[in-house]
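Enquirer: based on what follows, work out the 3D shape:
(4 chains)
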Number of protein chains: 2
Amino acid sequence: MGIAERKKRHKEELRSSILEAAWQLVVQEGWQALSIRKIAEAIEYSVPVIYDHFANKEAILLELTKQGFQKLNTALIKAQEGTVSTESQIEAMAYAYWRFAFDNKAYYQVMYGLGIPSCETVNQISELSTFSELILQPVKKLIAIGKNPETDPFLKLHTFWSMLHGLVSINMMGGDQDKEELNQLVLQDFISGFISSMKV
Amino acid sequence: MGIAERKKRHKEELRSSILEAAWQLVVQEGWQALSIRKIAEAIEYSVPVIYDHFANKEAILLELTKQGFQKLNTALIKAQEGTVSTESQIEAMAYAYWRFAFDNKAYYQVMYGLGIPSCETVNQISELSTFSELILQPVKKLIAIGKNPETDPFLKLHTFWSMLHGLVSINMMGGDQDKEELNQLVLQDFISGFISSMKV
DNA sequence: TTATTTTACCTAACAGTGTTAGCAAAATTA
DNA sequence: TAATTTTGCTAACACTGTTAGGTAAAATAA
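Expert: Prediction:
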């Protein structure tokens, strides 16, 4: 009964080739230029075949979004494991977040940059991101060290994530390369400010 | 020669009726559902007439963006004029920024939410926003009061704006109304943290 | 092996999008 | 009144996402 397996394997290959082609197109031309027909041409199949694997175009984007969050999560974990002290962990993770965004602009834009679409994508972002879980422990420790033990760690976390996203998205605009130095300063300023704000 | 004037007036009326119709459609159905044909139908003219007033669809969105920044600017100025102390000025402006975003979600999304398009829209945002100029003076004063006079006001400003945008855009996602309380806390946490970070 | 059914895949279409070429009618000027 | 400019329209082009319906090949059943 190897026939069914071969078919299944082929189907999975086709599915991932769709994602691969879609991703390549997104990187090359931006996610606004992505079209089903271009994907079909790239994988050398007709258009309806794509709809055998994905319900619609949005489902493809959503899958790429998931891939992006997976990459981000591993980067964050790696950053956390690289250091020991609580402060340096937060710092490393913020930096890793920043680096991921700028090293994978296309991913970050698919993950967040689609604006506020009517789809379910956005609602899934908070579920996809393990950023909160990862950074919760360090934040709690920092608060414990600080002078105000009543500080809400979830609130701090939420603020941290929001502000970090703001820094990334604002600095991703324009695209002037000569702002690279400024950007580094902005990030450092933010991190040190945030850490000290929890100790107070 | 009142004929030419009448024509000119009519042309301007048509132009603003296009913008008005476009805006109404954006509010009702979101900016992704905006189409030239819908605008044409709304103003009861044929499609090509629109192209006599705007080069393309993007130009219409850009005009709405400008309107949005104008509204935001006046809100910020009003907030600044309402208070005297430096700290409360910054606080009031941040709050006004926040309120504008959530009271005019459609505007804010047109202004920032289009992701990172290939167009020139984004590059014009920094020029359109007078947020930087308005908040520069209060920031400078705060730094002067603080213990570290070498702090770069422009850097602080940039950070402030970025983080504020991050707070808004993250909290604008999801759209759960029961998060309203949390959102207020997040904003207050951010403002107090930022102000104290400059005094240090 | 033959008949039947299932699977795989494609062509062609529908309804929508931004944009523009070319033409008819109305308004203005000479 | 005749010529000219302005005004606005129809119709088309080249796209977009999505799907209905059909065909030929492959797998299964008789």
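
Enquirer: dump the helix or strand harbouring A:Leu182 to CSV, restricted to CA.
Expert: Using DSSP states H and E, A:Leu182 sits within helix A:180-199. The C-alpha coordinates for helix A:180-199 follow below in CSV (Å, rounded to 0.1, in the frame of the first residue of the first chain):
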residue,chain,number,x,y,z
GLU,A,180,21.1,52.7,11.0
GLU,A,181,23.2,54.4,13.7
LEU,A,182,20.3,56.3,15.0
ASN,A,183,18.2,53.2,15.2
GLN,A,184,20.7,51.4,17.3
LEU,A,185,20.7,54.3,19.7
VAL,A,186,17.0,54.3,19.9
LEU,A,187,16.9,50.6,20.7
GLN,A,188,19.5,50.9,23.4
ASP,A,189,17.7,54.0,24.9
PHE,A,190,14.5,52.0,25.0
ILE,A,191,15.9,48.9,26.6
SER,A,192,17.8,50.7,29.3
GLY,A,193,14.8,53.0,30.0
PHE,A,194,12.5,50.0,30.3
ILE,A,195,14.7,48.0,32.6
SER,A,196,15.3,51.0,34.9
SER,A,197,11.6,51.7,34.9
MET,A,198,10.9,48.3,36.5
LYS,A,199,13.6,48.7,39.2
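
Enquirer: check which helices and strands that helix sits against.
Expert: With contacts taken as 3 or more CB pairs under 8 Å, 6 or more residues apart in numbering or on different chains; DSSP states H and E, helix A:180-199 sits against helix A:86-103, helix A:131-145, helix A:153-172, helix B:153-172, helix B:180-199. In short, each C-beta sits where N, CA and C put it, glycine included.

Enquirer: okay, buried residues for the fourth one please.
Expert: For helix B:153-172, the neighbour count (16 or more other CB atoms under 10 Å in any protein chain shown) marks B:153, B:156-172 as buried.

Enquirer: ok, the last one next?
Expert: Applying a neighbour-count criterion of 16+ other CB under 10 Å, the buried positions in helix B:180-199 are B:183, B:186-187, B:189-191, B:193-198.

Enquirer: and the average pLDDT for it is what?
Expert: Mean per-residue pLDDT for helix B:180-199: 82.

Enquirer: residues in contact with it?
Expert: For helix B:180-199, contacts defined as CB atoms under 8 Å, 6 or more residues apart in numbering or on different chains pick out A:152, A:155-156, A:158-159, A:162-163, A:193-194, A:196-197, A:200, B:87, B:90-91, B:94-95, B:98, B:139, B:142-143, B:145-147, B:151, B:156, B:160, B:163-164, B:167, B:171.

Enquirer: what about 6 Å?
Expert: Helix B:180-199 has contacts (CB atoms under 6 Å, 6 or more residues apart in numbering or on different chains) with A:155, A:158-159, A:193, A:197, B:87, B:91, B:94, B:98, B:142-143, B:146, B:160, B:167, B:171.

Enquirer: report the angle between it and helix B:86-103.
Expert: Interaxial angle of helix B:180-199 relative to helix B:86-103 (axes from the mean of the first three to the mean of the last three CA atoms, to 10 degrees): 150 degrees.

Enquirer: tell me how far helix B:180-199 is from the chain's mean position?
Expert: Here helix B:180-199 is found 20 Å from its chain centre; the criterion is CA atoms, centre = their mean, to the nearest Å.

Enquirer: go on, the first one?
Expert: The chain centroid and the centroid of helix A:86-103 are separated by 13 Å, computed with CA atoms, centre = their mean.

Enquirer: restricting to C-alpha, output stretch A:130-142 in CSV.
Expert: This file holds the C-alpha atoms of stretch A:130-142, laid out as CSV (Å, rounded to 0.1, in the frame of the first residue of the first chain):
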residue,chain,number,x,y,z
THR,A,130,5.4,33.2,22.5
PHE,A,131,7.1,36.4,23.1
SER,A,132,4.9,37.1,26.1
GLU,A,133,5.6,33.7,27.7
LEU,A,134,9.3,34.0,27.1
ILE,A,135,9.7,37.4,28.6
LEU,A,136,7.3,36.9,31.5
GLN,A,137,9.8,35.2,33.8
PRO,A,138,12.6,37.8,33.4
VAL,A,139,10.1,40.6,33.9
LYS,A,140,8.8,39.0,37.1
LYS,A,141,12.3,38.7,38.4
LEU,A,142,13.1,42.3,37.7
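
Enquirer: ok so, going back, and of the buried residues of helix B:180-199, the nearest to A:Phe69?
Expert: Of all these, A:Phe69 sits closest to B:Val186, with 22.1 Å by CB to CB.

Enquirer: among the helices and strands packed on helix A:180-199, show the one with the smallest mean pLDDT.
Expert: Sorting the helices and strands packed on helix A:180-199 by mean pLDDT places helix B:180-199 lowest, at a mean of 82.

Enquirer: angle of it against helix B:131-145?
Expert: Orientation of helix B:180-199 against helix B:131-145 (the same axes, to 10 degrees) gives an angle of 50 degrees.

Enquirer: show the contacting residues for the most centrally placed residue in chain A.
Expert: Residue closest to the average C-alpha location in chain A (CA atoms, centre = their mean): A:Phe69, at 4.1 Å. Each residue near A:Phe69 by CB under 6 Å, 6+ apart is listed here: A:128-129.

Enquirer: find the closest residue to DNA strand C in chain A.
Expert: A:Ser46 (3.3 Å; CB to the nearest atom of the strand).

Enquirer: what's the separation between that residue and B:Glu181?
Expert: To B:Glu181, A:Ser46 is 52 Å away according to CB to CB, to the nearest Å.

Enquirer: tell me if stretch A:60-68 is near chain B.
Expert: No - residues of stretch A:60-68 contacting chain B under CB under 6 Å from any CB of the partner chain: none, with a closest distance of 11.9 Å.
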